[in-house]
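*Asks:* Attaching a predicted model along with its sequence, questions to come.
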Amino acid sequence: MEESKLLTYIKILLNLIFIILAALFLLFVLPKILRFFIPFVIGWIVSMIANPLVRFLENKVKLLRKHSSAIIIVIVIAAIVGALYALITFIFKETSQLIAELPEIVEQVEQQLNELSHKFNDIADTLPENFQVAINNLILNVGNSINKFISELDPSLGSAGAFAQGVAEGFLIVIVTILSAYFFTVDRDKLLTSLKKNLPDSITNGWSVISDNFKTAFGGYFKAQFKIMLVLIVIMFIGFEILNVGYSFLIALGIAFLDFLPVFGTGAILWPWALFDMITGNYVRAVGLIVIYLICQVLKQILQPKMVGDSIGISPLSTLVFMYIGYRLYKVLGMIIGIPIGMVIVNLYRIGMFDSIIRGFKIIIHDINEFRKF
């Protein structure tokens, strides 16, 4: 009986050590490995995108896989590069114009802040002196913060040597990515067959369950969120153009990205902006910003249940916990990926992946409580 108990404790301890080591590997080792092999990671993602089209050409058009792989990979990469080039060029152009006009914009903001200060001073004359000092300090701090931000802003791209080195490194990464995508697509079936042949069934079965959950969580969640983000960008861009807001696309992109982050939303920018315009007398734009916010919220409430559905599957408190843990580990990126990873963990718990660990804890706690009795 004692040997049986000892063996049970050893098994529980081994399972616990395995879970801890796996968690440490996933949190601290795997991200560094993926970053080191980033061209191959991107190549594998491209091969996953291209593989259905390659299979179609292989089965329907009767093209050899090596030939169809080359055709599809060229098309996929050309489409991705073309879209990214157009987007980055447009954003870079708008950003350059914004940097060039930044001093003028800051001067206008300072004038509005001065007008706002005068209005507050007129109102604050009837208020206690301490309150007047607090208001003046607040406005002064806002102005100083803007000036500090502008003075620290350096739009230069660095030295010519560093730029040339970056271009050379980027070119190498692109070449390795394209080649790895091609070889992954051509030899995909061979690679998968080789892995299944050489790995134990327990690992392949476990990996199948985990990968399916990751595809559902990451694929479903991010696909839905990116669609919603795109809709919000279009709505805000059109609204800002109607209101004659400068750099409307950049602002819409920034606010939509902020809305993409958990907890934050479009209201984090649009409401303070509308309030500022209301105070400074720009009533038309203030009302327009509120209308844009309401349209965004209505569309988001309509689209989110249909696109995301029940794929999140975790409570708001759990969402907040996973978001906070992600932020503490990897800052903004951790906030973004924390929720889908939390979805994976919750789904794995529901299908019983952690039952043996939980049962082991129950056995240990029960035996400790029994030992404490006298």
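*Replies:* The structure has been received and is ready for your questions.

*Asks:* Relative to residue 270, how far out is residue 210?
*Replies:* Residue 210 sits 40 Å away from residue 270 when distances are taken as Cβ to Cβ, to the nearest Å. (C-beta placed from N, C-alpha, C; glycine too.)

*Asks:* The two: who's more crowded?
*Replies:* Between residue 210 and residue 270, counted using other Cβ atoms under 10 Å, the more crowded position is residue 270 (23 against 14).

*Asks:* going on from the strand or helix carrying residue 174, what's the next piece of helix or strand?
*Replies:* For residue 174, the host element (DSSP states H and E) is helix 160-186. Per DSSP H and E, helix 160-186 leads on to helix 188-198 as the next helix or strand towards the C-terminus.

*Asks:* who's in contact with that following helix?
*Replies:* 47, 51, 184, 204 (Cβ atoms under 8 Å, 6 or more residues apart in numbering).

*Asks:* hey, where'd the strands end up in the stretch 1-150 of the chain?
*Replies:* Applying DSSP state E, counting those that start in this stretch to the stretch 1-150 of the chain gives no strands.

*Asks:* can you map out the helices along it?
*Replies:* For the stretch 1-150 of the chain, applying DSSP state H, counting those that start in this stretch gives helices covering 2-24, 30-36, 38-56, 65-124, 129-152.

*Asks:* tell me, which of the ones you listed is the model least confident about?
*Replies:* Note on those: helix 129-152 shows the lowest mean pLDDT, a mean of 61.

*Asks:* before we move on, the earlier item: just the buried subset of the contacts of helix 188-198, written out for ChimeraX, thanks.
*Replies:* Remark: buried members of the contacts of helix 188-198, expressed as a ChimeraX selection using 16 or more other Cβ atoms under 10 Å:
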select :47,51,184
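
*Asks:* Closest one of the contacts of helix 188-198 to residue 224?
*Replies:* Nearest to residue 224 out of the contacts of helix 188-198 is residue 51 (Cβ to Cβ; 22.8 Å).

*Asks:* isn't that closest one right next to residue 187, touching?
*Replies:* No: contact criterion Cβ atoms under 8 Å: residue 51 and residue 187 do not qualify, at 11.5 Å.

*Asks:* Just give the number of residues close to the spatially closest residue to residue 347 that is not a sequence neighbour.
*Replies:* Spatial nearest neighbour of residue 347, chain neighbours left out: residue 213 (4.9 Å); criterion: Cβ to Cβ, 6 or more residues apart in numbering. Summarising burial for residue 213: neighbours were counted as other Cβ under 10 Å, giving 20.

*Asks:* got a list of what residue 213 touches?
*Replies:* 343-344, 347-348.

*Asks:* how does it look with 10 Å?
*Replies:* Residue 213 makes contact with 340, 343-348, 350-351, 353, according to Cβ atoms under 10 Å, 6 or more residues apart in numbering.

*Asks:* what's the answer for residue 101, then?
*Replies:* So residue 101 contacts 108, 246-247 (Cβ under 10 Å, 6+ apart).

*Asks:* ok, those residues vs residue 16, which is closest?
*Replies:* Nearest to residue 16 among the contacts of residue 101: residue 247, at 53.9 Å, using Cβ to Cβ.

*Asks:* how about the strands in the stretch 251-374 of the chain?
*Replies:* With DSSP E, counting those that start in this stretch as the definition, the stretch 251-374 of the chain shows no strands.

*Asks:* Where does pLDDT dip in it?
*Replies:* Along the stretch 251-374 of the chain, segments meeting pLDDT under 70 span 262-264, 304-316, 374.

*Asks:* ok, which stretches of it are helices?
*Replies:* 267-280, 283-308, 316-350, 355-372.

*Asks:* could I get those as TSV with distance to residue 27?
*Replies:* What follows is these, written out as TSV (distance: least, Cβ to Cβ, whole Å):
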stretch	distance to residue 27
helix 267-280	29
helix 283-308	26
helix 316-350	7
helix 355-372	17
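
*Asks:* Tell me which of these sits nearest to residue 226.
*Replies:* When the helices of the stretch 251-374 of the chain are compared by Cβ to Cβ, helix 283-308 sits nearest residue 226, at 9.6 Å.

*Asks:* Buried residues of the closest one, list them for me.
*Replies:* For helix 283-308, using 16+ other Cβ under 10 Å, the buried residues are 285-286, 288-290, 292-293, 295-297, 300, 307-308.

*Asks:* Export the contacts of residue 213 to JSON lines and append columns for neighbour count and distance to residue 97.
*Replies:* Listed next are the contacts of residue 213 as JSON lines, based on neighbours: other Cβ atoms under 10 Å; distance: Cβ to Cβ, whole Å:
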{"residue": "340", "neighbour count": "23", "distance to residue 97": "36"}
{"residue": "343", "neighbour count": "24", "distance to residue 97": "40"}
{"residue": "344", "neighbour count": "18", "distance to residue 97": "42"}
{"residue": "345", "neighbour count": "17", "distance to residue 97": "45"}
{"residue": "346", "neighbour count": "17", "distance to residue 97": "46"}
{"residue": "347", "neighbour count": "20", "distance to residue 97": "46"}
{"residue": "348", "neighbour count": "15", "distance to residue 97": "49"}
{"residue": "350", "neighbour count": "11", "distance to residue 97": "51"}
{"residue": "351", "neighbour count": "10", "distance to residue 97": "53"}
{"residue": "353", "neighbour count": "15", "distance to residue 97": "52"}
